[in-house]
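Chemist: fold the following and give me the result.
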Amino acid sequence: MPGRSYTAAQKVEAGLALDRLGVEFIQAGFAITGERDRTAIAELARQCDADVVSLARAVPRDVEAALDAEADVVEVFAPLSDQQLEHLVGNSREEMLDAMRETVDLVRDGGAKPHLILVDAFRTDTAHVAPAFGTFADVEYVGLADTVGARTPHSVGRFLDDLAEAGVDLERASVHFHDDVGVATANALVAAEKGVGKADVSVASLGERAGNTALEELVVAGVVDYDDSFGVDERELIPVCRDVLDALGEDVDPRKSVLGSEVTEHESGIHTAAMLSDPSVMEPFDPATFGGQRTLLFGEKTGKGGARKLLGLADRSPTDELVEALLSVLAERGPVEQEEAVALARDC
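Modeler: Coordinates of the predicted model:
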């Protein structure tokens, strides 16, 4: 991201937090870029249960730097799309495939596991993408990157269907989406439905331009709508994500889904009155499921129904006179959280 430069210590702290969540891989940096990333990769590879990943172009010196950093996995990335071959690397498709083979073999010979990412894959003809899965049948995951964030669930689903019809085992595919048009998480969910085995995610969508598929959004959506946490410990989700943000010195908008401070706060009188009886009436999920908490606020927006319930919780008879008295106090003192609101009801 422009203007960001995380230290090795920050990366290590963030990576160790993610490891508590039970993710399978932690992509810790790009070893060829310098000592900072090499240090972070090496330190995390020594301490993490997850496999620690270094990025590498399909260039031998990139792979050698990743191997020197003792990465468990080296993720070799290269394009096959016409645009990127012509304007980014200046190679033919055949030359690029040869470079991929050379560097994938170098990763394996160096004692690490190779993964492959096809840059701009979702704008590449499937006639060029599908054969790569056979050409690199020895690679655990072949990644499909929506490098510029141009795709939507409709086109992602169609592209993956085309690959499946061409004989590709989508369980070997991984996906990498950007949120430029606001659908990175939706795209990853479609990929999961199609049987794709791995998705790149980042906490709070941190990443270039609009960022990537949000880890926290994907896990919550998986649990809520698919009954699948995608292999992570959902109870640690929110605490871990907040620890990562703290480690990196990042913050999120208070309205940010899942992680924002205000997204589990409720003040509307209609909402809070119902939620005093059953919080699920106005919530998509219980924040506690993911290590968070809800906040009910009472003040000038509180209605008579909410006041009656607060009085009941305070073991007071909700007479019309007491209801009006409590509403007046709440309007003057509020907004206050539930515990204080019940105390005010008790003292009315």
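Chemist: ranges for the strands of the chain?
Modeler: Applying DSSP state E to the chain gives strands spanning 25-29, 51-57, 73-79, 113-119, 142-145, 173-176, 198-199, 265-266, 295-298, 336-337.
Chemist: the ones you listed into TSV, with extra columns for mean pLDDT, distance to residue 135 and mean neighbour count?
Modeler: Quick note: C-beta positions are derived from backbone N, CA and C, even for glycine. Shown next, in TSV, are the strands of the chain (pLDDT from 0 to 100; distance: least, CB to CB, whole Å; neighbours: other CB atoms under 10 Å):
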stretch	mean pLDDT	distance to residue 135	mean neighbour count
strand 25-29	97	23	25
strand 51-57	98	18	24
strand 73-79	96	12	24
strand 113-119	97	10	24
strand 142-145	98	9	24
strand 173-176	98	14	26
strand 198-199	98	19	22
strand 265-266	87	52	17
strand 295-298	90	54	22
strand 336-337	89	59	16
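Chemist: could you dump these to JSON lines with distance to residue 189?
Modeler: Converted to JSON lines, the strands of the chain look like this (distance: least, CB to CB, whole Å):
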{"stretch": "strand 25-29", "distance to residue 189": "19"}
{"stretch": "strand 51-57", "distance to residue 189": "23"}
{"stretch": "strand 73-79", "distance to residue 189": "22"}
{"stretch": "strand 113-119", "distance to residue 189": "20"}
{"stretch": "strand 142-145", "distance to residue 189": "15"}
{"stretch": "strand 173-176", "distance to residue 189": "10"}
{"stretch": "strand 198-199", "distance to residue 189": "9"}
{"stretch": "strand 265-266", "distance to residue 189": "26"}
{"stretch": "strand 295-298", "distance to residue 189": "28"}
{"stretch": "strand 336-337", "distance to residue 189": "34"}
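Chemist: nearest to residue 323, out of these?
Modeler: Proximity to residue 323 (CB to CB) singles out strand 295-298 among these, at 12.9 Å.
Chemist: how about residues contacting that closest one?
Modeler: Strand 295-298 has contacts (CB atoms under 8 Å, 6 or more residues apart in numbering) with 264-267, 272, 275-276, 306, 310, 330, 334-338, 341.
Chemist: buried subset of those residues?
Modeler: The neighbour count (16 or more other CB atoms under 10 Å) marks 264, 266-267, 272, 275-276, 306, 310, 330, 334-336, 338, 341 as buried among those.
Chemist: and these, which of them are in helices?
Modeler: In this view, these that belong to helices under DSSP state H are 272, 275, 306, 310, 330, 338, 341.
Chemist: tell me how far stretch 61-69 is from the chain's mean position?
Modeler: Centroid separation for stretch 61-69 versus its chain: 27 Å, with CA atoms, centre = their mean, to the nearest Å.
Chemist: buried residues in it?
Modeler: For stretch 61-69, using 16+ other CB under 10 Å, the buried residues are 62-67, 69.
Chemist: perfect, I'm done here.
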